[in-house]
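Enquirer: What follows is a predicted protein model with its sequence.
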Amino acid sequence: MVTPEVAPPGRDDPPTRAAPSDPPATPPSTGHPARRGLREQARIARILGLTGALLMGISALGSGAFPVPNPLNGLRVIGLPSRNVTLAIAVTYAGLLMVVTAWLWIARMLTTRGAHHPAPERRELGRTAILWGVPLALAPPMFSKDIYSYLAQSATLARGIDPYSIGPAQALGIDDPLVRGIPTVWRDTPAPYGPLFLGLGRGITALSGENVVLGILEHRLLALLGVALMVWVLPRLASRFDLDAGLVLWLGAANPLVLFHMVSGIHNESIMLPLLLLGLWVMLGRDDTVRPWWRITGGAALIVAAASVKLPALLALGFVGVYLVRRRGGRLLDWAVMTAWLSAIAAAVLTFFSLATGLGFNWVRGLSAPSVLISPMSISTNLGLLAGQVGRLAGLGDHTETTMGLMRSLFVLPIAVIVVVLLLGCLRGKVDPVTGTGLGLGAVVLLGPVVHPWYLFWALLPLVVTRAMPFYRRGLLLLSVVLALAVPPTGADFFFRGFQLPLAITAGAAMYTLALYVVARLIRSPGDAGDAGDPARPDDGTGTPGDATAGTRAPSDPEPGR
């Protein structure tokens with residue numbers, strides 16, 4: 001009897017599958033303790049950030065930027081944190097570090113997404129950002145006392161006094177409840193904001209009167225509406241550049257700077273920047289096709305409205321205008337028509353807000369008001385101070401104010417050069433208008449006379465939605481972390497409480513270290529049997545989320561139904 005020869009398995013033969021009763025192969029030991037899957041790690045990161053936000057919200061009752069007098073003084077339970085400010089500040093710093101760490105952790109998952117790194121989905125990210133923001137939205141303001149200047153300047157306008165001529169202390173009196181919460185350096189400073197913002201503030205004052213707490217809540221509601229608009233428009237701008245909407249939202253809207261300085265600090269960038277981004281999206285659309293005139297008009301009006309809050313936003317109109325001229329052919333007629341049309345829109349919108357608020361154009365005089373403060377983050381200011389000190393050491397006398405003013409004036413030249421170079425790049429098609437706007441505003445901020453951490457929003461948020469974002473993503477992450485730690489929770493006056501700072505930082509660092517230890521133990525503990533995304537879990541060919549073959553089928557597998 002002849003035994004038939006058995007041919008070796010060919011390449012076209014279907015792979016042999018193990019019987020259902022066969023146990024799965026045991027993954028080789030790596031010598032390291034088992035770790036939870038990446039989706040479980042994302043859940044732990046969300047809990048860590050929420051815990052930090054809750055700690056910040058509770059400790060804000062003692063470490064917040066309160067008005068004077070503190071309305072919580074004397075209350076039995078809710079007033080306890082204000083009786084030990086150092087401990088409250090320590091808890092705030094611990095919570096702040098938790099939020100920043102969790103944000104970076106999830107950002108890393110988003111930037112390394114793939115089969116081996118299943119990142120959270122956009123809905124999960126949205127829910128996470130909301131959960132982190134709620135405790136800060138319900139807590140007293142932190143990181144800045146600008147909100148009290150907003151209230152006092154709006155009340156000045158409501159009483160028929162020009163807020164661009166005199167400061168709140170002169171207009172309302174030093175003992176007015178709206179003035180007492182303003183830092184001393186700003187009490188005699190005229191308003192530096194545009195007519196739209198003061199007009200909105202006058203409406204808030206009409207409802208709240210001299211009730212500081214109610215005024216804060218109304219301004220915060222306005223800020224939250226602005227953040228919601230920003231969340232709506234960022235993914236739409238991202239789609240123009242084929243960027244992942246979840247990553248853009250996480251780097252932009254869920255950024256700790258947004259949570260700390262827009263939601264908690266209630267800065268009016270929460271109105272300016274959403275209007276600016278919305279105007280860019282309306283004018284540019286989802287692709288490079290030329291927009292109809294009604295969209296150009298509406299988008300330009302939104303950008304000018306943003307400039308009616310803070311004037312530098314007007315720079316975006318120049319970049320979009322140059323881009324539109326190029327798209328229409330770049331002829332002399334195109335230049336004349338686009339320049340005349342955008343200039344007319346800007347003049348009409350600014351005139352409308354100036355007359356509707358009864359302020360006229362006096363607001364132009366208030367643009368230099370912030371420069372009365374010496375900003376430690378300003379390059380031009382620091383060089384002016386250094387030159388003044390060198391003159392004193394050389395025996396030339398104290399000319400610090402003169403040298404500082406001279407340096408600030410000289411730095412206008414590099415700002416102008418950078419903006420012109422960017423405009424030329426936009427004209428040649430090498431720089432898109434959103435990138436040009438972000439870089440141009442970044443130059444205005446970094447080389448300008450006054451730099452606050454929240455001013456970096458002007459550059460950060462436009463740059464998040466550009467094609468170049470992957471190249472400077474790490475820089476944006478690092479900058480966001482550094483600036484999130486730069487401002488104390490009680491506002492600028494905390495720097496004068498030197499004895500509290502070392503104690504609070506030391507205690508906060510100890511609490512944060514303990515939290516990291518707990519998180520590390522949770523990560524190293526083995527997850528549930530059904531934990532999706534566990535790298536140590538063997539591939540069973542089912543495409544389970546988190547496996548190396550997640551969502552894919554091996555090339556040699558037979559097609560379904562065969």
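Expert: Ah, there it is.
Enquirer: give the contact list for residue 319.
Expert: Counting by C-beta atoms under 8 Å, 6 or more residues apart in numbering, residue 319 makes contact with 422, 423, 426, 433, 434, 436, 437, 440. Glycine gets a C-beta too; all of them are placed from N, C-alpha and C.
Enquirer: 7 Å instead?
Expert: Listed by C-beta atoms under 7 Å, 6 or more residues apart in numbering, the contact set of residue 319 reads 423, 426, 433, 436, 437, 440.
Enquirer: Show the average pLDDT along the one helix or strand it maps to.
Expert: For residue 319, the host element (DSSP states H and E) is helix 315-327. In this model, helix 315-327 has a mean pLDDT of 90.
Enquirer: show me where pLDDT drops low in the stretch 451-562 of the chain?
Expert: 470, 491-499, 525-562 (pLDDT under 70).
Enquirer: Roughly how far does residue 101 sit from residue 252?
Expert: Residue 101 sits 19 Å away from residue 252, going by C-beta to C-beta, to the nearest Å.
Enquirer: Neighbour count for those two, which is higher?
Expert: Legend: neighbour count by other C-beta atoms under 10 Å for residue 101 and residue 252, higher for residue 252 (28 against 20).
Enquirer: residues contacting the closest residue to the more buried one other than its chain neighbours?
Expert: Spatially, and ignoring its direct neighbours in sequence, residue 252 is nearest to residue 464 (4.3 Å; C-beta to C-beta, 6 or more residues apart in numbering). Residues counted as contacts of residue 464 (C-beta under 7 Å, 6+ apart) are 248, 251, 252, 476.
Enquirer: 6 Å instead, please
Expert: Counting by C-beta atoms under 6 Å, 6 or more residues apart in numbering, residue 464 touches 248, 251, 252.
Enquirer: Tell me how many other residues crowd the second one.
Expert: Burial of residue 251, expressed as a neighbour count using other C-beta under 10 Å, amounts to 25.
Enquirer: roughly how far apart are it and residue 440?
Expert: From residue 251 across to residue 440, the span is 20 Å (C-beta to C-beta).
Enquirer: what residue lies at the spatial centre of the chain?
Expert: residue 258 (3.7 Å; C-alpha atoms, centre = their mean).
Enquirer: Just the pLDDT for that residue.
Expert: At residue 258, the predicted lDDT confidence score is 90.
Enquirer: which one is it nearest to, not counting chain neighbours?
Expert: residue 227 (6.7 Å).
Enquirer: go on, residue 301?
Expert: residue 349 (5.3 Å).
Enquirer: what's the answer for residue 210, then?
Expert: Spatially, and ignoring its direct neighbours in sequence, residue 210 is nearest to residue 177 (5.4 Å; C-beta to C-beta, 6+ apart).
Enquirer: tell me the SS of that neighbour?
Expert: Following DSSP: H, G, I helix; E, B strand; the rest coil, the label given to residue 177 is coil.
Enquirer: for it, phi and psi?
Expert: phi -60, psi -20 (degrees, to the nearest 10).
Enquirer: which residues in the stretch 151-300 of the chain form helices?
Expert: Assigned by DSSP state H, counting those that start in this stretch, the helices in the stretch 151-300 of the chain fall at 168-172, 195-208, 212-240, 245-251, 256-257, 269-284, 293-307.
Enquirer: Throw these into a markdown table and include distance to residue 448, thanks.
Expert: Shown next, in a markdown table, are these (distance: least, C-beta to C-beta, whole Å):
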| stretch | distance to residue 448 |
| --- | --- |
| helix 168-172 | 24 |
| helix 195-208 | 19 |
| helix 212-240 | 23 |
| helix 245-251 | 24 |
| helix 256-257 | 18 |
| helix 269-284 | 15 |
| helix 293-307 | 16 |
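Enquirer: Show me how the record splits the chain into domains.
Expert: Residue ranges for each domain of the chain read 38-143+492-524, 193-365+411-484, as given by automatic domain parsing.
Enquirer: Worst mean pLDDT among these?
Expert: Least confidently modelled of these is domain 38-143+492-524, at a mean of 79 by mean pLDDT.
Enquirer: Now the helix or strand harbouring residue 505: buried residues?
Expert: For residue 505, the host element (DSSP H and E) is helix 500-524. The neighbour-count check on helix 500-524 (16 or more other C-beta atoms under 10 Å) flags 500, 501, 504, 507, 508, 511, 512, 515, 519, 522 as buried.
Enquirer: same deal with stretch 194-212?
Expert: Neighbour-count burial for stretch 194-212 flags 194-202, 204-205, 208, 212 (criterion: 16+ other C-beta under 10 Å).
Enquirer: Likewise for stretch 94-109?
Expert: By 16+ other C-beta under 10 Å, the buried positions in stretch 94-109 come out as 94-103, 105-107, 109.
Enquirer: tell me how far it is from the chain's mean position?
Expert: Counting by C-alpha atoms, centre = their mean, to the nearest Å, stretch 94-109 is centred 14 Å from the centre of its parent chain.
Enquirer: What is the end-to-end distance of stretch 306-324?
Expert: End-to-end distance of stretch 306-324: 20 Å, with C-alpha to C-alpha, to the nearest Å as the criterion.
Enquirer: packing partners for the helix holding residue 505?
Expert: helix 85-111 (3 or more C-beta pairs under 6 Å, 6 or more residues apart in numbering; DSSP states H and E).
Enquirer: Recalculate using a threshold of 7 Å.
Expert: helix 38-63, helix 85-111 (3 or more C-beta pairs under 7 Å, 6 or more residues apart in numbering; DSSP states H and E).
Enquirer: what's next to that helix, contact-wise?
Expert: Here helix 500-524 makes contact (C-beta under 7 Å, 6+ apart) with 33, 35-36, 41, 44, 48, 85-86, 89-91, 93-94, 97-98.
Enquirer: biggest separation within those residues, which pair?
Expert: Greatest spatial distance among the contacts of helix 500-524 (C-beta to C-beta): 33 and 85, at 41.5 Å.
Enquirer: Give the residue from the two that has the larger number of neighbours.
Expert: Neighbour totals were compared for residue 33 and residue 85, and residue 85 leads with 18 against 9 (other C-beta under 10 Å).
Enquirer: Tell me who's in contact with the more buried one.
Expert: Residue 85 neighbours (C-beta under 7 Å, 6+ apart): 62, 63, 500.
Enquirer: could I get those as JSON lines with distance to residue 308?
Expert: Below are the contacts of residue 85 laid out as JSON lines (distance: C-beta to C-beta, whole Å):
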{"residue": "62", "distance to residue 308": "37"}
{"residue": "63", "distance to residue 308": "34"}
{"residue": "500", "distance to residue 308": "40"}
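Enquirer: Out of these, which is nearest to residue 221?
Expert: Lowest distance from residue 221 to the contacts of residue 85 (C-beta to C-beta) belongs to residue 63, with 22.7 Å.
Enquirer: Please name the residues that touch the closest one.
Expert: Residues near residue 63 by C-beta under 7 Å, 6+ apart: 85, 88, 89, 92, 142, 489, 490.
Enquirer: I am finished for the moment; much appreciated.
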